[in-house]
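S.K.: My questions concern the predicted model and sequence given below.
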Amino acid sequence: MVHLPNLKVLNLSNSEKLIRTPDFDGLPCLERLLLFRCNQLTDVHPSIGYHERLIYVDMRCCTHLKKFPPIRGMKKLETLLLSWCLQLCMFPEIQTNMDNMVELSLDRTGIKVIPSSFGKYCINLLSLSLGYCGSLESIEGNFHHLKHLKKFSIARCKKLKIPPEGLFDVTCCLEVLNLFGTSFKNLHPGIVSMKFLGFPPSLRMLGLRSCNWINGDISSVLCELSNLHVLDLQKNDFSRLCCNLLQLCSLKVLNLSYCYDLVELPDIPSSIAVLKAYGCKKLKLVDLPTDLKWLWIISLPMNCILGDMERKVQSMFQGNSIYDNSISLSFHGDNIQLEDFARRRLMLELPRNWYNEFSGFLICVNRIFDNMSHVITIEDVMGRENEDVLEVSDGTPKDIWGEFVEAYLMVEVNTHYHFIFHRK
């Protein structure tokens, strides 16, 4: 048995030939144990479960580890990381109060059941991550005792059935909830409405990406979430959102990207700062809301805005976001011919004396080069004595036909123009 009575940190990470751990009785003062990516580790000595001084244990990516010993005396343990232990099939057995435990990560493990003892003994937990546990089927009991939990993920747990009493008590302080890829077709028969999932009003970030919603009715999920800041609805199958987002008075970020059937945007609260709809090919906008005074990042399909695009973009320059000196406007499309796009003209009315407040413009062009030479022209048509005309030729040799090139163009105020050419 190894005897190192004063050792506080043991780091054996990336030990490719480590098969078993030492007896931890010989390391009575050990506080931090790091066994990250010990791929051949299969045997953890059971004495670890009684260790009274351990605070931090990292066994991530121990891909052959099948079992973590029962926890019977690790009262000071704060962090236990077992993610990417692909063969770990049993949730660590907890038989004592873990009042100091604040973080438990079991992402991408093979666990099938969360025992009821977990919610009983780890009541001060702040972060619980069970993402990508493809074999996870059930949660015995619920997490109503986890009053302090702030971050929780069951992303891609497709087999998981939500217990009939819901996951959380409405009095908990959960702030970040990631349900990415969780199919709500597997709801327990006792759950007659989405509201029984028990989403607490304290939520600030909610991830509902790829949750198999077709009709877009998530009203019961979003009700009373007045503190929600970020809502991720990517890759769902609805054509319209049949809910009132205006009740989300604190919402800052709305992501609807890759909702391929989406044909119109819902009513958006005036608090919104970031609006993303990448890949929504069916989306058509007759008009953009004019009261989004805080909007400073917007990403939409190239051809979604109908009519006078110039007028409809002006709202971005009317709000308080202008004082942050950063505004981002992105349009995305497939197979856009540069020669066709160059004939489109977009004119933006800038604030008075804008050239004294901003350092310049950053323009990014992604394209497949052919053997044609193209010119991008930027013209200042008002506000200065001399017009600025910038012509940039890609100058690409004909022998790199079909190469993808990303070009960054920095136009600085009161200096010479700079063209930065980057080839991927």
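M.R.: Noted; the coordinates are in hand.

S.K.: for the record, mean pLDDT for stretch 152-170?
M.R.: For stretch 152-170, the mean pLDDT works out to 82.

S.K.: What's the end-to-end length of that stretch?
M.R.: Using CA to CA, to the nearest Å, the end-to-end distance of stretch 152-170 comes out at 15 Å.

S.K.: For it, list every residue counted as buried.
M.R.: Neighbour-count burial for stretch 152-170, counted by 16 or more other CB atoms under 10 Å, picks out 152-158, 160, 162-163, 166-169. No exception for glycine: its C-beta is placed from N, CA and C like everyone else's.

S.K.: try stretch 296-309
M.R.: So stretch 296-309, judged by 16+ other CB under 10 Å, has buried residues W296, I297, I298, S299, L300, P301, C304, I305, M309.

S.K.: Make TSV out of the buried residues of stretch 152-170 and add distance to G119 and secondary structure.
M.R.: Below are the buried residues of stretch 152-170 laid out as TSV (distance: CB to CB, whole Å; DSSP: H, G, I helix; E, B strand; the rest coil):
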residue	distance to G119	secondary structure
F152	12	strand
S153	16	strand
I154	14	coil
A155	20	coil
R156	22	coil
C157	17	coil
K158	22	coil
L160	15	coil
I162	14	coil
P163	11	coil
G166	13	coil
L167	10	coil
F168	11	coil
D169	11	coil
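
S.K.: quick one: which of these is nearest D43?
M.R.: For these, the residue nearest D43 by CB to CB is C157; the value is 28.1 Å.

S.K.: Surely L136 and K112 touch.
M.R.: Yes - assessed by CB atoms under 8 Å, L136 is found in contact with K112 at 6.2 Å.

S.K.: Looking at the two, which one has more neighbours?
M.R.: A direct count of neighbours by other CB atoms under 10 Å for L136 and K112 places L136 higher, at 24 against 15.

S.K.: give the contact list for that one.
M.R.: I111, K112, V113, I114, L130, I154, C157, K159, L160 (CB atoms under 8 Å, 6 or more residues apart in numbering).

S.K.: which residues are common contacts for L136 and K112?
M.R.: Joint contacts of L136 and K112 (CB under 8 Å, 6+ apart) do not exist.

S.K.: all helices for this protein, in order.
M.R.: 116-121, 219-222, 309-313, 338-341, 354-357 (DSSP state H).

S.K.: Quick one: mean pLDDT over the third one.
M.R.: Spelled out, it's helix 309-313. For helix 309-313, mean pLDDT is 62.

S.K.: The fourth one too?
M.R.: Looking at helix 338-341 alone, the average pLDDT works out to 46.

S.K.: shaky segments in the stretch 51-200 of the chain?
M.R.: 183-198 (pLDDT under 70).

S.K.: if we go to 50?
M.R.: For the stretch 51-200 of the chain, residues meeting the criterion pLDDT under 50 lie at 189-196.

S.K.: mind listing the strands for it?
M.R.: 56-58, 79-81, 103-105, 113-114, 127-129, 138-139, 151-153, 176-178 (DSSP state E, counting those that start in this stretch).

S.K.: Mind giving me the packing neighbours of the third one?
M.R.: Yep, that's strand 103-105 we're talking about. Strand 103-105 sits against strand 79-81, strand 127-129, with contacts defined as 3 or more CB pairs under 8 Å, 6 or more residues apart in numbering; DSSP states H and E.

S.K.: Cool, thanks, talk later.
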